[in-house]
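Engineer: predicted model, plus sequence, below.
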Number of protein chains: 2
Amino acid sequence: MKARIITIGDEILIGQIVDTNSAWMAQALGAMGIDVERMVSIADTREAIHEALDEVLQTEVHLVLMTGGLGPTKDDITKQALAEWFESGWRTEASVLERVERYFAMRGIPMPEVNRSQAQVPEKCTVLTNAHGSAPGMWFEKSEKIFVSMPGVPFEMKAIFEHELVPRLDLLRNGQAIVHKTVMTQGQGESTLMEMITEWENELPKQQLKLAYLPSPGAVRLRVSGRGEDPLETRERVERAVQNLLPLIADHVYGFDDESLESAVGKWMIDRKVSVATAESCTGGYVAHLLTSVPGSSAYFKGSVVVYANDVKTGMLGVKAEDIAAHGAVSETVAMQMAIGACTRLASDYAIATTGIAGPDGGSEDKPVGTVWIAIASPHRVFARRFQMGRQRDRNIRMTALQALQLLRKEILHDAKISKLEALL
Amino acid sequence: MKARIITIGDEILIGQIVDTNSAWMAQALGAMGIDVERMVSIADTREAIHEALDEVLQTEVHLVLMTGGLGPTKDDITKQALAEWFESGWRTEASVLERVERYFAMRGIPMPEVNRSQAQVPEKCTVLTNAHGSAPGMWFEKSEKIFVSMPGVPFEMKAIFEHELVPRLDLLRNGQAIVHKTVMTQGQGESTLMEMITEWENELPKQQLKLAYLPSPGAVRLRVSGRGEDPLETRERVERAVQNLLPLIADHVYGFDDESLESAVGKWMIDRKVSVATAESCTGGYVAHLLTSVPGSSAYFKGSVVVYANDVKTGMLGVKAEDIAAHGAVSETVAMQMAIGACTRLASDYAIATTGIAGPDGGSEDKPVGTVWIAIASPHRVFARRFQMGRQRDRNIRMTALQALQLLRKEILHDAKISKLEALL
């Protein structure tokens, strides 16, 4: 089954919001074996919506998912445009009205009058219940194609998708399995990785497999894809290729299938029953944020000290003022003292410390913008490494945090006497 | 001038990456008065690329921006597909080869052989220099339309866009001004805001203005748009409408035009020469990360203590163990003691403290998931407020952080005796 995604909204076309719905829906459809052949973002005008729907009729697309333009406010006209295109009258859906009333009552807010209109739906649609908001989803059929319209608010869309759409689609689809497995790497660029795996990559076409390199700041994902009649055989073919890949790049791999590095590290901490704390200067709390973004991280994350002012480094972490004076705040010795301070004062087994010049300003000849020291303290030792990043603040913060988490991961494995390759099995 | 954006890559269609390039380019084009009429994401196959280009010939689009598919690795075939579609031979661009060699030399990495192919470009294109990477941008012309191809790596694309594309487009464009002004609000939902401004909104069509509501977790942007022959008159018309809007919702507005709340708060701290620290439990360092993501934040950000373990709350912040025992870690008194502890120990004028149950697990009947206390300490007082968020961890963390920053902003204004409306002038 082929699908097209249409996102509706001027806010997308003028670049005011980044469309994250399309990626989420594509992933969810892919997992069901439904290929997305195209994503389109259009204006919220009748003409643009009708044109995009007309185009679909010329294609082999069987499923069209639309998001956006269903809010109660006046800039939203999708529902009107759909009623026209499907040549449908209107009906009042009592369940929607009830739900909207309950929604506002629960939050103790009076219901704005405008929300009443959300219970008006095109007669020809089946309503898909929106458990988290007032705008219902809608399911239409025309010319043997399915058209689904959902609100653009991501968590409302996701709930409708999971609870209302997936069961209906499960009844309909059939056919080929598509299997992806993604190897998550950190710390090496795309073309360097490519050189490491050239021979392996050249063998892929013979196994009817495809490879894609997906770079992002500080990380590259390697996606191996296979397709076949038999889901089990396809899965095995993909798995075998991945098992052959791992020994070539084990030093840079930390996990699979869009697992985050912070989640991978977290699992090892739970496994080894160890805890961590951070002492952050240039990353400004971002390492702590990544660690605590993982549900259940309170099991291993003790806390963090974010130190911007030098006197705070001294007072909160016990960094020696004379060392800051002699070597500067961005130095090996200060990084190591920060890590030791975090371990001691936050009573953790391990600690990450970062100090550097995130940019875009600051820096000197000796220590240009992008100079970063990362220290790791363990129950057995403390060490620091210097990295040279670029000039972009947000990129430097992210790359430093990932590098620090990878160093921590390797140190935990080292202490557990687990090889990098064993860790991936 | 109308533009279309085409992003190329299976990684987009299977949802493995979120396409942020399109939004960035659309904003940049909008600022130049160039409307994006549609965004399309397609597969990296010859057929999909040729089909998308063929379609453009049927439209009034004058400028096509393509990103993706220009890397050196084997999954990238855009350059081939373009050479075919434009019926072009090949040439070696010496400047690109030199640049690629220099790029690897600077980083002290040997140049992978595969990168040599990046100097091969279609004869019919003008090369757009890529200052940050090895894949050049390309400018083609056909049927009185312009086609530009750029790499998909965001910071490479942005540099080509700014330094190579903008000057060339400036020479070509003419015509109507489009003016947007966006009012940034925090803490109220879309439909509640709408009720507050109904009368004002009803007057907009008479002034040939449009309004859009753009919700995101914890924040709603209100975008006023105007269009006209005269850029100055259009700008004034939009400004007047915004000035009439502000008194209606001053309590919720913190700034304009996609300024972040952390940046708006930062400006007030510089203006009032005050400093801030944070003591974070449920936000896990995210408030510190937001504050330090602003360049120059070291002028007012002292540091942060992220406390997950209760003993850390006691040791690092001086929260009384007996109060944690009596009231729980998620309580008014603990939040206030955390804020005071941060002010005292990090020597700051103001402090933000957060404690709550971020979810998805935890919580009790008294304090369900999503219960959050936020405390603010100032030179004059300390207070805490309770909020009830939902069940989604990432959403709760973000909403709590924004709420805390807004409370801090209001407290700084209060202490400076500046009204909320004056603050926006």
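Structural biologist: Noted; the coordinates are in hand.
Engineer: what sits against residue A:308?
Structural biologist: Neighbour list for residue A:308: A:281, A:284, B:292, B:297-298, B:301-303 [criterion: C-beta atoms under 8 Å, 6 or more residues apart in numbering or on different chains]. In this view, the C-beta of every residue, glycine as well, is placed from N, C-alpha and C.
Engineer: repeat that with 10 Å
Structural biologist: The contact partners of residue A:308, taken as C-beta atoms under 10 Å, 6 or more residues apart in numbering or on different chains, are A:280-282, A:284-285, A:329, B:275, B:277, B:288, B:291-292, B:297-304, B:346.
Engineer: mind giving me the ChimeraX command for buried ones among those residues?
Structural biologist: Those of the contacts of residue A:308 that count as buried under 16 or more other C-beta atoms under 10 Å in any protein chain shown are selected in ChimeraX with:
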select /A:280,281,282,284,285,329 /B:275,277,288,291,292,297,298,300,301,302,303,304,346
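Engineer: could you list which of the contacts of residue A:308 belong to strands?
Structural biologist: Of these, the ones assigned to strands by DSSP state E are A:280, B:277, B:301-304.
Engineer: quick check, nearest of those to residue A:226?
Structural biologist: Of all the ones in strands among the contacts of residue A:308, residue A:280 has the smallest distance to residue A:226: 41.5 Å, by C-beta to C-beta.
Engineer: ok, the closest one touching residue A:287?
Structural biologist: Yes. Counting by C-beta atoms under 10 Å, residue A:280 does reach residue A:287; the two are 5.7 Å apart.
Engineer: overlap of the contact sets of these two?
Structural biologist: Counting by C-beta under 10 Å, 6+ apart, the common neighbours of residue A:280 and residue A:287 are A:304, A:306, A:352-354, A:397, A:400-401, A:404, B:285, B:289, B:306.
Engineer: can you tell me which of the residues you listed are in helices?
Structural biologist: Under the assignment DSSP state H, the shared contacts of residue A:280 and residue A:287 contribute A:397, A:400-401, A:404, B:289 to helices.
Engineer: out of the residues you listed, who has the most neighbours?
Structural biologist: Using other C-beta atoms under 10 Å in any protein chain shown as the neighbour test, these are led by residue A:401, with 29 neighbours.
Engineer: so what's the residue lying farthest from the centre of chain A up against?
Structural biologist: Ranked by distance from the centre of chain A (C-alpha atoms, centre = their mean), the top residue is residue A:322, with 42.6 Å. By C-beta under 10 Å, 6+ apart, residue A:322 lies in contact with residue A:314.
Engineer: try the one 10 residues further on
Structural biologist: Residue A:332 makes contact with A:323, A:355, A:373, A:375, A:383-386, according to C-beta under 10 Å, 6+ apart.
Engineer: out of those, what pair is the most spread apart?
Structural biologist: By the measure C-beta to C-beta, A:323 and A:385 form the most distant pair in those, at 18.0 Å.
Engineer: which one's more surrounded, the two?
Structural biologist: For residue A:323 and residue A:385, the more surrounded residue by other C-beta under 10 Å is residue A:323, and the numbers stand at 18 against 14.
Engineer: now do the phi/psi pair for that one.
Structural biologist: Here is the backbone geometry of residue A:323 (degrees, to the nearest 10): phi -70, psi -40.
Engineer: so it touches residue A:331, yeah?
Structural biologist: Yes. Between residue A:323 and residue A:331 there is a contact under C-beta under 10 Å: 7.5 Å.
Engineer: overlap in contacts of the two?
Structural biologist: What both residue A:323 and residue A:331 touch, as defined by C-beta under 10 Å, 6+ apart, is the set residue A:337.
Engineer: picking up where we left off before, would a markdown table of the shared contacts of residue A:280 and residue A:287 with pLDDT and distance to residue A:159 be doable?
Structural biologist: Converted to a markdown table, those look like this (pLDDT from 0 to 100; distance: C-beta to C-beta, whole Å):
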| residue | pLDDT | distance to residue A:159 |
| --- | --- | --- |
| A:304 | 97 | 33 |
| A:306 | 96 | 35 |
| A:352 | 98 | 36 |
| A:353 | 98 | 41 |
| A:354 | 98 | 38 |
| A:397 | 95 | 32 |
| A:400 | 96 | 36 |
| A:401 | 97 | 31 |
| A:404 | 98 | 35 |
| B:285 | 97 | 29 |
| B:289 | 97 | 28 |
| B:306 | 96 | 31 |
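Engineer: in stretch A:51-67, which residues are buried?
Structural biologist: For stretch A:51-67, by 16+ other C-beta under 10 Å, it's A:52-53, A:56, A:61-67.
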